[in-house]
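Asker: need the 3D shape of this:
(one chain, ligands or ions: 2)
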Amino acid sequence: MYGSDKAGDDAERTAFRKAEKKYKLYYEDNSKSSKKKKLPKQVDLSEVLDFKSISESYNQTGDLPPGIVAVNCGFDRPVFGLENHPGFYFIPGALTLEEQCQWIRESLTNFPQPPNRTNHNVIYGPISNLFVAAKEGKILVEEKSDDCLDSKSSDIVSNGDAQRWKFYEEDSAKSRGKTCKSVSASVLLRKLRWSTLGLQFAWSKRNYDVSLPHNKIPDALGQLAKRMAQPAMPIGEEFRPEAAIVNYFALGDALGGHLDDMEVDWSKPIVSMSLGCKAIFLLGGKSREDEPLAMFLRSGDVVLMAGEARECFHGVPRIFTDEENAEITPLELQFSHADDHCFLEYIRTSRININIRQVY
Ligand code: OGA
Ligand code: MN
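Answerer: Ligands and ions are numbered 1, 2, ... in the order given. This is a model prediction of the structure:
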């Protein structure tokens, strides 16, 4: 999809690549004796901008660190910009805890539902009700010959004519495991990397494929994006949410440096919301040679990239899932009811990013 995470000789040398390597998750080399106790290497986080503390001291004293400006836009909370990056806006804690929970639930249950596409489509075809299937311990089994067919299966999914995949209860899946390929729904949920809402983005063509069936962006998400986009919109103009990409990150996952250049009008912002575990975001310049700024992204933060900031390389080299750094205790409490166990388990070690775009 985006910039590759593999370090080629050339890529190795750019300032952006160096910063990615600095913050990326590496493990200590002591793993020979105790493989299970892999310890993450310590990273120096002293240069990472922390808009939460910037916001707190701004609220108390009105002071801001050099290079950071407060944007006056009649918004109900502080919005910050960067002197050297016109068009970039950071809204710390823009989403309430309830909103964060709502969008985490949606991101796991409804957003990956067909006709929305996910990274699993290419292998399995459209998969319905993945989250529920994972919760119920179901197994997705490939049906390619008669001996695999069974009437007890549910939720038929298919990938064209050649392959058909269906969810089975664990027990009945075991008996056909010898003849058919299978994968558990919980593994598929862990391996969910993206889903696309509204106009469907075709990764292979790196473009929006308007011929693909799609639903409109859900109304509540569209309304939220319009409200959040306001600081980056010309007065009197309203943001039109037409597409969204939902990124799912597990420990060790990264989003390589890239530009989002497939939308027609770059003056319109990309509205990007963070949910779950804390991450590091890199905002570079128009060249990969420009040294990027690193900043923390926490659950509930919203970032806007419009105008010149749309031409700047950016990426997410790191997410934190350890107790101290993930900073998701308030979310854990929200999901503490037994019915929400699956959400709790997922979000403890994951980050979700929803970025909403006006395409035309
Ligand atoms: C993207 C993107 C940033 C993030 O999906 O294009 O830049 O915070 N995401 O995950
Ligand atoms: Mn992007």
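Asker: quick one: stretch 89-99 to chain centroid distance?
Answerer: On the basis of C-alpha atoms, centre = their mean, to the nearest Å, the separation between the geometric centre of stretch 89-99 and that of its chain is 15 Å.
Asker: buried residues in it?
Answerer: Neighbour-count burial for stretch 89-99, with 16 or more other C-beta atoms under 10 Å as criterion, is recorded at 89-95. Placement of C-beta: from N, CA and C, glycine included.
Asker: give me the low-pLDDT residue ranges for the stretch 101-250 of the chain?
Answerer: 145-163, 176-178 (pLDDT under 70).
Asker: for the closest residue to residue 24 other than its chain neighbours, helix, strand, or coil?
Answerer: Closest residue in space to residue 24, ignoring its immediate chain neighbours: residue 317 at 5.0 Å, by C-beta to C-beta, 6 or more residues apart in numbering. Secondary structure assignment for residue 317 (DSSP: H, G, I helix; E, B strand; the rest coil): strand.
Asker: burial measure for residue 317, as a count.
Answerer: Residue 317 has 26 neighbours, counted by other C-beta atoms under 10 Å.
Asker: check contacts around the residue in the chain that ligand 1 sits nearest to.
Answerer: Using C-beta to the nearest ligand atom, the single residue of the chain nearest to ligand 1 is residue 353, 3.2 Å away. Residues in contact with residue 353 (C-beta atoms under 8 Å, 6 or more residues apart in numbering) are 246-247, 249, 272-275, 316.
Asker: what does the stretch 251-360 of the chain put close to ligand 1?
Answerer: With C-beta under 6 Å from any ligand atom as the criterion, the stretch 251-360 of the chain meets ligand 1 at residues 255, 260, 272, 274, 281, 297, 314, 316, 353, 355.
Asker: in those, which has the lowest confidence score?
Answerer: Ranked by pLDDT, those bottom out at residue 260 (94).
Asker: ranges for the strands of the stretch 151-300 of the chain?
Answerer: Ranges of strands within the stretch 151-300 of the chain are 154-159, 163-168, 182-184, 194-198, 201-202, 207-208, 243-250, 255-258, 270-276, 279-283, 293-297, based on DSSP state E, counting those that start in this stretch.
Asker: on that earlier part again, among the residues of the stretch 251-360 of the chain next to ligand 1, who's most crowded?
Answerer: Those, ranked by neighbours (other C-beta under 10 Å): first place residue 274, 27 neighbours.
Asker: just to check, that one is in contact with residue 316?
Answerer: No - using C-beta atoms under 8 Å, residue 274 is not in contact with residue 316; the gap is 9.3 Å.
Asker: report the set of residues contacting both of the two.
Answerer: When C-beta under 8 Å, 6+ apart defines a contact, the residues bordering residue 274 and residue 316 alike are 297, 353.
Asker: coming back round to it: show me what the residue of the chain closest to ligand 1 bridges to in the sheet.
Answerer: residue 247, residue 274 (DSSP bridges).
Asker: then residue 302?
Answerer: Note on residue 302: beta-bridge partners residue 91, residue 273, judged by DSSP bridges.
Asker: count the neighbours of it for me.
Answerer: If you count neighbours by other C-beta under 10 Å, residue 302 ends up with 24.
Asker: likewise for residue 104?
Answerer: Using other C-beta under 10 Å, residue 104 has 23 neighbouring residues.
Asker: over to residue 174?
Answerer: Residue 174 has 13 nearby residues by other C-beta under 10 Å.
Asker: from residue 143, how far off is it?
Answerer: Residue 174 sits at a distance of 15 Å from residue 143 (criterion: C-beta to C-beta, to the nearest Å).
Asker: same question, residue 224
Answerer: Remark: distance between residue 224 and residue 143 (C-beta to C-beta) = 40 Å.
Asker: ditto for residue 123
Answerer: Residue 123 sits 14 Å away from residue 143, taking C-beta to C-beta as the criterion.
Asker: same drill for the two, tell me which one is more crowded.
Answerer: Neighbours were counted for residue 123 and for residue 143 using other C-beta under 10 Å; residue 143 has more, 21 against 14.
Asker: which residues does that one bridge with?
Answerer: residue 164.
Asker: wait, doesn't it sit right on residue 168?
Answerer: No - using C-beta under 8 Å, residue 143 is not in contact with residue 168; the gap is 9.9 Å.
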